[in-house]
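Trainee: Sequence first, predicted model second:
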Amino acid sequence: MFNSWSKEDISHFEKSEVMQEFEKRVIENLHRLAILNKKAQAEGAAELKEVENQANETAEALKGVAEEQAKLNPADDDPEKTDETAEDGLADKSAVVEELREMIKAAMSNNNIKLAYKIERTIDEILEQSVKCEL
């Protein structure tokens, strides 16, 4: 449509104070949006780093537990010992689940719902719970 205007109309349009003011406001808003976007990315990166640190701490704790478990219960093929290790496994599962629940709380406090959902699904897999969908 702009291309079908006469040269005089285009000239008046380009010199229009209203359009110049409109263009100025659009450019200012774009700059504000860019600044807000940078701030949001920085905050998101900080939140992600915090959750990553918590995940690393949990992984280190799990490694420590696994090493202690390996020292206390060396691997044998004795079927009678499987019952004892199953009970220890339940204790380990509950500790892991508690750590994951703490991670959910941290993710929710940072409004990271997607990560909280993934952690919740991991807990469900650990506990082998089936979730029924109701329509």
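Mentor: Nice, I can see it.

Trainee: gap between residue 47 and residue 107?
Mentor: 9 Å (Cβ to Cβ, to the nearest Å). Every residue, glycine included, has its C-beta placed from N, CA and C.

Trainee: what about those two, which has more around it?
Mentor: Neighbours were counted for residue 47 and for residue 107 using other Cβ atoms under 10 Å; residue 107 has more, 22 against 17.

Trainee: Provide the backbone phi and psi angles at the residue most central in space within the chain.
Mentor: Residue closest to the average C-alpha location in the chain (Cα atoms, centre = their mean): residue 115, at 3.7 Å. Per-residue torsions, residue 115: phi -70, psi -40 (degrees, to the nearest 10).

Trainee: Go through the chain and flag its longest helix.
Mentor: Using DSSP state H, we find that the single longest helix of the chain is helix 17-72.

Trainee: coming back round to it: mind checking which helix or strand the residue nearest to the residue nearest to the centre of the chain when sequence neighbours are not counted is in?
Mentor: Spatial nearest neighbour of residue 115, chain neighbours left out: residue 107 (4.4 Å); criterion: Cβ to Cβ, 6 or more residues apart in numbering. Using DSSP states H and E, residue 107 falls within helix 81-109.

Trainee: Just confirm the residue nearest to the centre of the chain contacts residue 108, I think it does.
Mentor: No. In this structure, residue 115 is not within contact of residue 108 by Cβ atoms under 8 Å, at 9.0 Å.

Trainee: what's the pLDDT at residue 86?
Mentor: Model confidence at residue 86, given as pLDDT, is 54.

Trainee: So what touches stretch 29-47?
Mentor: 110, 112 (Cβ atoms under 8 Å, 6 or more residues apart in numbering).

Trainee: can I get the CA coordinates of stretch 96-116 in PDB?
Mentor: The C-alpha trace of stretch 96-116 is given here as PDB (Å, rounded to 0.1, in the frame of the first residue of the first chain):
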ATOM      1  CA  VAL A  96      17.500 -40.200  47.100                       C
ATOM      2  CA  VAL A  97      13.800 -39.400  46.900                       C
ATOM      3  CA  GLU A  98      14.100 -36.900  49.800                       C
ATOM      4  CA  GLU A  99      17.000 -35.200  48.000                       C
ATOM      5  CA  LEU A 100      15.000 -35.000  44.800                       C
ATOM      6  CA  ARG A 101      12.000 -33.600  46.800                       C
ATOM      7  CA  GLU A 102      14.300 -30.900  48.100                       C
ATOM      8  CA  MET A 103      15.400 -30.200  44.500                       C
ATOM      9  CA  ILE A 104      11.700 -29.800  43.600                       C
ATOM     10  CA  LYS A 105      11.200 -27.200  46.300                       C
ATOM     11  CA  ALA A 106      14.300 -25.300  45.000                       C
ATOM     12  CA  ALA A 107      13.000 -25.500  41.500                       C
ATOM     13  CA  MET A 108       9.500 -24.300  42.500                       C
ATOM     14  CA  SER A 109      11.000 -21.400  44.500                       C
ATOM     15  CA  ASN A 110      12.700 -20.400  41.300                       C
ATOM     16  CA  ASN A 111       9.500 -20.800  39.300                       C
ATOM     17  CA  ASN A 112      11.200 -23.500  37.200                       C
ATOM     18  CA  ILE A 113       8.100 -25.700  36.800                       C
ATOM     19  CA  LYS A 114       9.500 -27.700  33.900                       C
ATOM     20  CA  LEU A 115      12.500 -28.800  35.900                       C
ATOM     21  CA  ALA A 116      10.200 -29.600  38.900                       C
END
